[in-house]
Structure formats: structure tokens, C-alpha cells
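Engineer: Here you go, sequence then predicted model.
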Number of protein chains: 2
Amino acid sequence: MSIREEVEVANATAVERMMDSEPVWNDIGLAKDLVPGFGDMMLLHAGPPIEWKKASGPLRGALIGACLFEGWASSPEEAEKLLVRGKVHLDPCHHHGAVGPMAGVISPSMPVYQVQDGSGVKAFSNLNEGIGKVLRYGAYSEDVISKLRWLSTTFYDVIRASLQELKKEKPGLQFKKIIAQALTMGDDCHNRYNAATSLFMREFVPYLIRSGVDRKEMLEVYDFINGNNFTTLNLGMATAKAMTMAASNIRYSTIVTTMARNGTETGIRISGLGDEWFTSPAPNVNGLWFPGYTASDANPDIGDSAITETAGFGGFAMAAAPAIISWVGGTSSKAIEVTEKMYRITFTKNRHFLIPAMDFSGTPTGVDIRKVVKTGITPEINTGVAHKMAGVGQIGAGLVVFPMGMFESAVRRFGERYGLVRGPAPDIS
Amino acid sequence: MSIREEVEVANATAVERMMDSEPVWNDIGLAKDLVPGFGDMMLLHAGPPIEWKKASGPLRGALIGACLFEGWASSPEEAEKLLVRGKVHLDPCHHHGAVGPMAGVISPSMPVYQVQDGSGVKAFSNLNEGIGKVLRYGAYSEDVISKLRWLSTTFYDVIRASLQELKKEKPGLQFKKIIAQALTMGDDCHNRYNAATSLFMREFVPYLIRSGVDRKEMLEVYDFINGNNFTTLNLGMATAKAMTMAASNIRYSTIVTTMARNGTETGIRISGLGDEWFTSPAPNVNGLWFPGYTASDANPDIGDSAITETAGFGGFAMAAAPAIISWVGGTSSKAIEVTEKMYRITFTKNRHFLIPAMDFSGTPTGVDIRKVVKTGITPEINTGVAHKMAGVGQIGAGLVVFPMGMFESAVRRFGERYGLVRGPAPDIS
């Protein structure tokens, strides 16, 4: 086979595995107990590897908050000292099969969702705190820490008991099916999870009722989920992570298996190039700002949530969720344009994720670095926006276009690795 | 003012009242206790007035089943005798502020939902039995009657207790808001209530939990609602009925306030023409048939559910629900065409019901008989299809185009009533 043919076969394998991966949510536990390789005094974070001194405000804020939550420090100042002195080991979520939205900070005592596919691949995400002033957007005030404590006690206990009840009937909850259905109900399953959360509740609440927890706690947890449409974002991200893990490490494949941002840099990883990161400076977001904020308050793009686009939904399914593009003044035909543009840089149309407004066409799935470099089109991502200062929180949401540099670097490395023409733009397509 | 101006003002009044009506679901009770004018040995039915001898198979089947449910007869044969001999008085639901899907048969001991708007207008609908072999599609076997008994005991008690709990906090459940949201989530709220039922459950279940009913019954009712996306069809119809009642009886208005079918005839009523019905033979449905059935098994169009189109959603919001048109081989652009066509015969774009795929345009609202006659375009309705024989049940679902004759008759009567040119096509537009 020619290199070109090797690549085609490898990409087909990668994308088929990604589409056909059927992970189910089958556990919730503390990060230190479930997430592989979680050490003492370690914090996981979104995006490619980064040190404290290069970390952006919201990532710093979330790291400080996590130190407070763990009791490693009793004040933000103490926490900052620990972090500056390197007493806390920082590691990307993605190095542990995990993903976290925005700052994506996961500490050892935080509960995480586990999803698992038939082949045994496990992926993890933390719990969603709601919107506004929350850890993942860099806030760390006392109410933020209290919310984390409630999530890791009452919420955790009730969800755990309910999931155990569910597991008496089935191996787990098939969240990928909920994503597929929600994409036909106005969600992109990145910035909008309204239908997904509704469908999740329909399926999950009977087990909540059966779990035997007392009605007061049941209602407390019910009201929290019902009041926060992003409750299921983290399950969606863990599902996408498992799907993309199924597509990883396939020789010759030019398919992107990770897209993630730490607030300073954006990074990608490629199926045929193992665990190597290719990075560019994190871009700014075209956003809709909460009252009182402007673009100048915004931190550059941050979070592991681009795993949704990596797996073929989120911004790539923009045509399914015109409400999102209307935030930034777009129309429904503009939403279709975004999805159509993403077809030009992806391997195929998804077999499971369909878009009603495009006659149930499959979503663009499997970003191919060759197509990105050739067309000059980079992935478009839906995202939330954090204030650039530690301690503030969310200030908006919007759309972001990824930088080209990291895709060019990846194509270059691919050439080196597989013995193709070296130089700035190897022709491997 | 010229007649033309009188009509414009009257139509604006009618449609504004319809759009701004804010009915809430605030009671559930037995039909004989809540529905005004419900007499002994009386059954309500869908569509314009009809006698037994002209009734279609599915309507006959449902009437027989209702006699069995009430204990007026102990066998279908006995029930039929009662009906043939005129021992049971038949009256349209619409003559009592009520609506019922398909055969629309409401008997005195059946529970009904009551919705009420700020002005005191009350509208009613019966409970939804699920799909398949059910009374409203003309089935009356023992399992059909048992289901009705369960609905009027366990289900009724649990829903009643939960609604009482809800009413401790608010005057009622605003189902119109749920319709508006569901239209942005892939529902037309006539043939598809998947999002609406999900949203209803999110809002209602906390009161179910708080109601104090035992967990076994709570789960039984929860599972029934969760397993039947049409649970909320009847609440949507009662809501639409209240909205259209608010638009009724406005002098000079040419807006349609009722569209309903009894399986033999289709009938309409007009705001400026009071309670008079204008009818045409019921048309056939362009349907998708359940396995084993064909068009030749289908009863002509039946049911009060066209109240949804009358109020500006259902088939008129087809562009919001491309999944429905795909049943009959249509595409999403065809779905948009249907909605665009309905703009040509309606007064305005709805202020509250918006269609994402059309840049959040309002749904076509307020059918104007003048525009129907002038354009030659009649309303297009989404509907279920009953077998033409009594006792069978549902055999499909599809789309139906209303007949022109009744609109021409209404325009003619409008001319007579308001002193305009008599004759086959008075120019009142």
C-alpha cells in the first residue's frame, strides 16, 4: 500500500472505532480511587501540560480553590504559596483518561463519573457545579468551596445510590444515545445540554426514586439537576473522551484524538502520533458577554470540552442548535454553514449523530490534520468564557476558531515519523 | 370604517387574544363534575355534531368502549343497542369547552384536565392512554377498558395529589410555555410531544415526589408518563382550546377558532360567526402505516387535535419538527415549505411560538377564511390514523390537507351575515 492508502485505511479504522464505541456511565467515585495514576498532592487540569508560572488567571483560581477544597491550605494566599513552590504536582486530565470543562481541575477527593466501553476503556470527568461563580471558571470563594463540598457529599451519595439501583437492571446508562437524541432536539451537546439533561432525567429519576434515599435529599438533588442544564455536560465529555480513546494510537492515522486548551495554550494530539502534544497560543473567543463585562475581560480559550467537537458534536453540530449561534448574532443558515465547513476537514458523516435541519445528515466526524492544513480551515468550537483574573468566574459564552500552527506542526511531525518528505509542508494527502 | 377595515381590526383582536391567552393547568377532576353541561347518559365526541348512524368505525368503537367503561352495558353488543336506539346522547366536545384527540370520546366518569386563563375561560381534555390499541382509536377490548380504569383510579389519584402540591406554590402549570420551548426542541406539539413531555416531567416530578403518595404508585405513574410521549398531547390540546376560545365571538372576525373532525366530516367555526359549524367530508390522510396495514384500512381524518393548528402550532410548525415529515418521505426543506405555505393563509407570525430553523420566525397563526379561499390553500394538519373498523385501533400517522368546501361555505355565510355580496365568492378581502 502507498502511504496515502495506509493513511486512508488507518483513518477509517480510527473513525469507525470512535463512532462505534458504546461507552456507558457505570460508576461514580472519588478521583483518587478511580482515576489511574492519581498521586498525592496532585491536581489535574484542562489542556496540554503547563506549569504554574505560565498558567492563566482562571486556571490559577481553580488550582487555588482545589487546594482549599482538599484542605492543603487554609487561605488562598497559602494555596498560592504551595503552587508557586511546586508543592503540588500538575498534570493534564488527558494524561489520565479524564476531561474537565474550562479549568478542568480535578483534585483527589472530588467525585468523578466513570464511563466505560465494551473493550474496557475507561474515561472520567468531574461533576458540574452549575453556571456563574464556580471553580471551573476560576472562582474559589467560600460559597464555591461549599458547593464543591455539597457535591462531594449529598449529591455524590444520592447519585451513587441511584446509579447502584440502575445497575441492578443494566450495565450502565448509555449517554451516547442521549447525545444522539439531544442533537435532534436543539442541543449541540457542548454549549447547550437542555434536551440532554431532560432526557437524562427521564431515564435516571426512576432510580433516584427507587434508591431509598429520603425525600428531602432526593428533592435537593433533583432540584439541583433540574436547575442546571449543564449537569450532563461532564457525562457528555467523558463519553466523548472514551470514544476518542478508542480512536487513539493507530499507526498512520492523521485523525485528531484530542483538542484541549489550558487557557494559555491550545493543544492537539493525533492518532498516529501517540501522546505527543502540538500546541499554539490559545485564541480569543467571539463571545456574548454577561452584563458588565467585555471582550477585554475575557481569558483566552480554555477547557477540555473541545473533546465534544473531537468526537463529532458540539460546534461541529452547530446546524442542530441554531439557538447557540443566535447568541452571537448568527442565523440558522450561518449555523448550517459552520457544519458544512467542518465537513471539509473531517473524515466522514457520523452514523449515529444526525442533524434534522440538514435532512438528518451525520455530523462532521474525525478531524484530519491533512485536510485542515490543505483547506486552511481549522475546527470551530462552542465554549464558555472565563474572566482572565483568578477568582472571578464565568463572563460569557461564544464561538472560537482554533489556530492553524499546531496542525502544521502535527503534519510536519507526521512526515518525520512516517518517513515522508521533511520540511514545512509535506504532501501526505 | 369600511368592512375591510372592520375585519382587519376584528382579526387583529382575535389573534392578539389568542396569542396572549395564558391558560394554566389548574385542575383535574371527573368530567361530570368539571365539564359544564355534562348530562346523564351523555358522551362527548370529537369534531362537529354527528349521529350514531353516520358515525365512522373508530368513533363507534370508542362510543361502545365508553358505554362499557361507564357500566351502561356489559357487552359490546348491548352497548351498540343502546347507541342505535339513541339512549345515549351524543354531543361534540367543542360544545362544552372540551377537546379530545381522535374519536375524542369523553364519558361522565372519565377524569379530565382543566386549564384556565386569566379571564376565567376554562377548557378541558381527557387523559392520554398511550399509543396502539386504545379507546381514542376505536378499540374497546377488555385491556382497553382496564387501562381506562387504571387511568381513572391510580393515575388520577396520583396526578391529582401532585397537582395539589404544585398549587401550594403557583396557580397552575403553564403548559403554553412548555409548548413554546418544545417547538425549539424538535416537537410540533401535535404528532410529536417528546420534548414537551420531557419538559413537563422536569417541572411536574418534584410535586409527584412531594405529594406523599407511596413510592410504588409514584413509580407506576412515572413509568407510564415516561413511556408515553403523548401524555402531554391532551394538556397541549386543552391549552390550545383555551387560547382559541379567547379568540371566539368577535364581530367581523374571519379567523378560524375551531377545526375538528369526527371521522365522517371535518368542521370549522369562525370567530365572527359564533357557534355555527361549516363542514366537508373528512379527507384521507397521507400516512405512514404500521406493519400489516395500508391506506385502504385507514379511516378518514378524525379528532379534535387540529385545535393545535388552529392555535398556531402542530402542522403549521412543521419546520420545527422535520422528524415528522421524514415519516412520509419529506425533507427538512419540505417541512419549511409547509410552514411557509401556512403563512399565506394566516393572520400573523406568533409572538411566542418560534421556529429555530427559520431564524426563530413565529409560527403561522390565525387561519383567515378569506385567505384560504383566495389562495386556494387549505390548512395542513399532522395527525394519527385509526383503522376504519370499530375495535381495531391505531394503524399509522401522517399529514392531511383540509378540504376547501367548508371554507367557501363560511365565506359565503360571512357575506350573508355582515351584509356583503351574496353568491359563491364574495370579495371581502
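Structural biologist: Received it, and whenever you're ready, just let me know what you need. Numbering: from 1, shown residues only, chains lettered A, B, ... in the order given.
Engineer: For the closest residue to chain B within the stretch 201-350 of chain A, list the residues it contacts.
Structural biologist: Residue of the stretch 201-350 of chain A nearest chain B, by C-beta to the nearest C-beta: A:Pro322 (4.4 Å). Backbone N, C-alpha and C define where each C-beta goes, glycine included. With contact taken as C-beta atoms under 8 Å, 6 or more residues apart in numbering or on different chains, A:Pro322 is in contact with A:Gly186, A:Gly330, A:Thr331, A:Ser332, A:Ala335, A:Ala357, B:Pro356, B:Ala357, B:Asp359, B:Phe360.
Engineer: for A:Asp188, same thing?
Structural biologist: Counting by C-beta under 8 Å, 6+ apart, A:Asp188 touches A:Thr308, A:Phe313, A:Gly314, A:Gly315, A:Ala317, A:Met318, A:Ala320, A:Ala321, A:Ile324, A:Asn382.
Engineer: can I assume A:Lys133 is in contact with A:Ala139?
Structural biologist: Yes: counting by C-beta atoms under 8 Å, A:Lys133 does reach A:Ala139; the two are 4.4 Å apart.
Engineer: so what sits against both of the two?
Structural biologist: A:Val392, A:Gly393.
Engineer: So for those two, which sits in the more crowded spot?
Structural biologist: Taking other C-beta atoms under 10 Å in any protein chain shown, A:Lys133 and A:Ala139 do not tie; A:Ala139 has more neighbours (27 against 19).
Engineer: tell me the secondary structure for the more buried one?
Structural biologist: Under DSSP: H, G, I helix; E, B strand; the rest coil, A:Ala139 falls in the coil class.
Engineer: what does A:Ser280 give?
Structural biologist: strand.
Engineer: Please list the residues of the stretch 101-250 of chain A that sit near chain B.
Structural biologist: Contacts of the stretch 101-250 of chain A with chain B, taken as C-beta under 8 Å from any C-beta of the partner chain, map to A:184-186, A:194-195, A:198-199, A:201-202, A:205-206, A:209-210, A:215, A:218-219, A:222-223, A:226.
Engineer: Show the buried residues in those residues.
Structural biologist: With neighbours counted by 16 or more other C-beta atoms under 10 Å in any protein chain shown, those contain buried members at A:184-186, A:194-195, A:198-199, A:201-202, A:205-206, A:209-210, A:218-219, A:222, A:226.
Engineer: can you tell me the residue of the stretch 101-250 of chain A closest to chain B?
Structural biologist: A:Ser198 (3.8 Å).
Engineer: excluding its backbone neighbours, what's nearest A:Ile64?
Structural biologist: In space, and not counting its chain neighbours, A:Ile64 is closest to A:Ala79: 4.4 Å by C-beta to C-beta, 6 or more residues apart in numbering or on different chains.
Engineer: Of the contacts of A:Pro322, which one scores lowest on pLDDT?
Structural biologist: Of all these, A:Gly330 has the smallest pLDDT value, namely 81.
Engineer: Next, the contact list for it, please.
Structural biologist: Applying C-beta under 8 Å, 6+ apart, we find A:Gly330 in contact with A:Pro322.
Engineer: does it count as helix, strand or coil?
Structural biologist: coil.
Engineer: Likewise for A:Ile225?
Structural biologist: Three-state call for A:Ile225 (three-state DSSP): helix.
Engineer: pretty sure A:Glu276 is in contact with A:Arg413, am I right?
Structural biologist: Yes: with contact defined as C-beta under 8 Å, A:Glu276 reaches A:Arg413; the gap is 6.8 Å.
Engineer: Please compare those two by neighbour count and tell me which comes out ahead.
Structural biologist: Of the pair A:Glu276 and A:Arg413, A:Arg413 is the one with more neighbours under other C-beta under 10 Å, namely 17 against 13.
Engineer: What residues of whichever strand or helix holds the more buried one count as buried?
Structural biologist: Using DSSP states H and E, A:Arg413 maps to helix A:405-417. Using 16+ other C-beta under 10 Å as the test for burial, helix A:405-417 gives A:Met406, A:Phe407, A:Glu408, A:Ser409, A:Ala410, A:Val411, A:Arg412, A:Arg413, A:Phe414, A:Gly415.
Engineer: For the spatially closest residue to A:Phe155 that is not a sequence neighbour, give me phi and psi.
Structural biologist: Once flanking residues are discounted, A:Phe155 sits nearest to A:Val221: 5.7 Å by C-beta to C-beta, 6+ apart. Backbone torsions for A:Val221, taken as degrees, to the nearest 10, come to phi -70, psi -40.
Engineer: how much space is there between A:Val221 and A:Asp143?
Structural biologist: 19 Å (C-beta to C-beta, to the nearest Å).
Engineer: tally of neighbours for the residue nearest to A:Phe155?
Structural biologist: 22.
Engineer: got a pLDDT number for it?
Structural biologist: With respect to pLDDT, A:Val221 has a value of 97.
Engineer: In this structure it contacts A:Leu208, no?
Structural biologist: Yes: using C-beta under 8 Å, A:Val221 is in contact with A:Leu208, at 7.0 Å.
Engineer: Overlap in contacts, these two.
Structural biologist: Both A:Val221 and A:Leu208 are in contact with A:Val158, where contact means C-beta under 8 Å, 6+ apart.
Engineer: which ones are touching the residue nearest to A:Leu399 when sequence neighbours are not counted?
Structural biologist: Distances taken as C-beta to C-beta, 6+ apart place A:Asn286 nearest to A:Leu399, at 5.1 Å, with adjacent residues excluded. Applying C-beta under 8 Å, 6+ apart, we find A:Asn286 in contact with A:Val328, A:Gly398, A:Leu399, A:Val400, A:Val401.
Engineer: How about A:Tyr193?
Structural biologist: Residues in contact with A:Tyr193 (C-beta under 8 Å, 6+ apart) are A:Ala182, A:Asp187, A:Asn229, A:Phe230, A:Thr231, A:Thr232, A:Leu233, A:Gly236.
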